[in-house]
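Undergrad: next come a sequence and a model predicted from it.
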Amino acid sequence: MGTDFFVLMKPEVSLMLIIFFLLFLKIWDGVKEPSMLLSVANLLLLVNFAMGFFMNREGELFSGMYHTNAIIVLEKNILAFGTLMISLLAWDWLKKHEHMLEFYILLLSTLLGMEFMVSSGNFMMLYLGLELSTIPLAALSNFDLDKVKSSEAALKMILSSAFASGVLLFGISLLYGTTGAIDFAGISAHLNGSTLQLLSLIFVFAGFAFKLSVVPFHFWTADVYEGSPVPVTSYLSVISKGAIVFVFVNVLVNLFHGMADAWNHLLLISIVLTITVGNLFAIRQDNIKRFLAFSSITQIGYILLGLSQGGAMGSTAAIYFLVVYIFSNLAAFGVVGMISVQTGKENISEMDGFYKNNPVLGWVMALAVFSLAGIPPTAGFFGKMFLVTAGASNGNYLLIAFAALNMVVSLYYYLRIVKAIFINRNEQPMEKISGSPATKIALAICMIGIVATGFYSGVYDYIVSLFTN
């Protein structure tokens, strides 16, 4: 049992050890050099990510409350990789922050909660993981302590998260009342599609929809993204959303598979609303963080389109798209973060003529935007193609046509950024932006990922193999 515990819970144990080590560094206060602390923290995150590829096996603990397999290991590795990239991209911002170690302790605490969620085998573990991941994340949103908008972002996030958790918990209580179980296997075995169970499905779906910023549960997103520091915004956009997608897939496909017709109707309504509203509001934005907030809402709509397939094909497409999304979104947020730290500017209109003094960063931003828009030959094109293909397998051709038309609409607002960088004239363009070697390495990795993930079919084939074996 002891050996099983440390092997199966290796990712969580690793994170807990890192958290305690960082707490020790904070209490000891012996190392005060910011660059040294950042190097130690990033090295620990690199080791944590590398450990995800060794000594992995399938199993469960605590009577099925916690379980792991090859798919779950891959999902945790994706989250660990994304967290490492965000840490590298945040180097310049963290170096100037007096609460650097607190940032990492909160960041890894929320990642720990997400990993417990991904491995949850019943709703008790899922809910505890959800709360562990949410509360530190609200504190991180308020990490720009001298800005009123940051405090506002934290308040809005904690209130919306509390409401979403309450909705989810009410749905769970209805499931327990009708099935007498809280473990996924027990609930699935007792589902009969009764009216009360259908109501519980709606509440559970709404709870996850809040966390994913699915329309009409998206109202908190843009304000929280704008008010939070750029690294926290990128974490919310990529890691937090990715973890919820992984859990959402598990709950819909494995737990509620007997009520697929019901949740498929919920998905179809959500897809239409989410893609439409995300596109329309993205067109109006000038603040780039609010712009990327509505962009992420639209991307969630396409992920839901893939999940509407309800099988391994849709789950595979969703995981593959999230890998691509990490590279694309973090590249965009990396450039935004560098600009914000050095100039304090965060508006698209302030990027006019950006290419003149920053040609490399201009191309990085352009490639990231092309991938988010789904323009070939970037990986974003292949990611959306797989999602649309999965959705089309159900014969929802009208919905596919609707999604395709919205992709065309999205080109307009994505290309606004490219136009500002390369075409718009500015007599006093933004000065040359410089970044740390760590930030440049992270951006280079993202660029390679955007290109290589699309052209190298082994990534998609590997994910497919995990679902078919």
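TA: Arrived safely, thanks for sending. Numbers count the residues shown, from 1 in each chain.

Undergrad: contacting residues for the nearest residue to N254 once chain neighbours are set aside?
TA: Among residues not flanking N254 along the chain, F184 sits closest, at 6.4 Å (Cβ to Cβ, 6 or more residues apart in numbering). C-beta coordinates here come from the backbone N, C-alpha and C atoms, glycine included. Neighbouring residues of F184 by Cβ atoms under 8 Å, 6 or more residues apart in numbering: G121, N122, F123, N250, V251, N254, L255.

Undergrad: and A139, what is it in contact with?
TA: L106, A154.

Undergrad: hang on, it is in a strand, isn't it?
TA: No. In this structure, A139 is helix, not part of a strand, as judged by DSSP: H, G, I helix; E, B strand; the rest coil.

Undergrad: now do it against L107, distance only.
TA: To L107, A139 is 10 Å away according to Cβ to Cβ, to the nearest Å.

Undergrad: got it, and K440?
TA: Distance of K440 to L107, computed by Cβ to Cβ: 21 Å.

Undergrad: run through the chain and note the low-pLDDT ranges.
TA: Applying pLDDT under 70 to the chain flags residues 1-3, 29-31.

Undergrad: could you pull out the strands for it?
TA: Along the chain, counting by DSSP state E, strands occupy 59-61, 66-68.

Undergrad: which of K440 and L107 has more neighbours?
TA: L107 (26 against 19; other Cβ atoms under 10 Å).

Undergrad: so what's the more buried one up against?
TA: T83, S87, P136, L140, Y235.

Undergrad: adding neighbour count and distance to E12, write the residues you listed out as a markdown table.
TA: As requested, these are exported to a markdown table (neighbours: other Cβ atoms under 10 Å; distance: Cβ to Cβ, whole Å):
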| residue | neighbour count | distance to E12 |
| --- | --- | --- |
| T83 | 23 | 14 |
| S87 | 24 | 19 |
| P136 | 19 | 15 |
| L140 | 24 | 20 |
| Y235 | 26 | 19 |
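
Undergrad: and of those residues, the nearest to N394?
TA: Y235 (33.0 Å; Cβ to Cβ).

Undergrad: quick one: contacts for C446?
TA: The contact partners of C446, by Cβ under 8 Å, 6+ apart, come to M85, F327, S328, L330, A331, G334, V364, A368.

Undergrad: apart from its chain neighbours, what residue comes closest to N469?
TA: Nearest to N469 is A70, by Cβ to Cβ, 6+ apart, at 7.5 Å.

Undergrad: pretty sure that neighbour contacts F467?
TA: No. Between A70 and F467 there is no contact under Cβ atoms under 8 Å: 9.4 Å.

Undergrad: pull the most distant pair out of the contacts of C446.
TA: Pairwise over those, using Cβ to Cβ, the maximum falls at M85 and V364, 13.5 Å.

Undergrad: neighbour-wise, which of these two wins?
TA: The residue with more neighbours, out of M85 and V364, is M85; 27 against 22, by other Cβ under 10 Å.

Undergrad: pretty sure that one contacts I326?
TA: Yes. Using Cβ under 8 Å, M85 is in contact with I326, at 7.1 Å.

Undergrad: how about a markdown table for the contacts of C446, with distance to L169 added?
TA: Output for these, formatted as a markdown table (distance: Cβ to Cβ, whole Å):
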| residue | distance to L169 |
| --- | --- |
| M85 | 33 |
| F327 | 35 |
| S328 | 34 |
| L330 | 32 |
| A331 | 37 |
| G334 | 36 |
| V364 | 42 |
| A368 | 37 |
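
Undergrad: picking up where we left off before, from F62, how far off is the residue nearest to N254?
TA: Separation of F184 from F62 (Cβ to Cβ): 14 Å.

Undergrad: which ones are touching A282?
TA: Applying Cβ under 8 Å, 6+ apart, we find A282 in contact with F291, F294, S295, T298, S410, Y413.

Undergrad: what residues are up against the last one?
TA: In this case it means Y413. By Cβ under 8 Å, 6+ apart, the neighbours of Y413 are N279, A282, I283, Q285, F291, S295.

Undergrad: can you select the buried ones among the residues you listed for me in PyMOL?
TA: Here is the PyMOL command that picks out the buried ones among those, judged by 16 or more other Cβ atoms under 10 Å:
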select buried, resi 279+282+285+291+295
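
Undergrad: any chance of CSV for the contacts of Y413, columns distance to A262?
TA: Below are the contacts of Y413 laid out as CSV (distance: Cβ to Cβ, whole Å):
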residue, distance to A262
N279, 27
A282, 30
I283, 33
Q285, 35
F291, 35
S295, 30
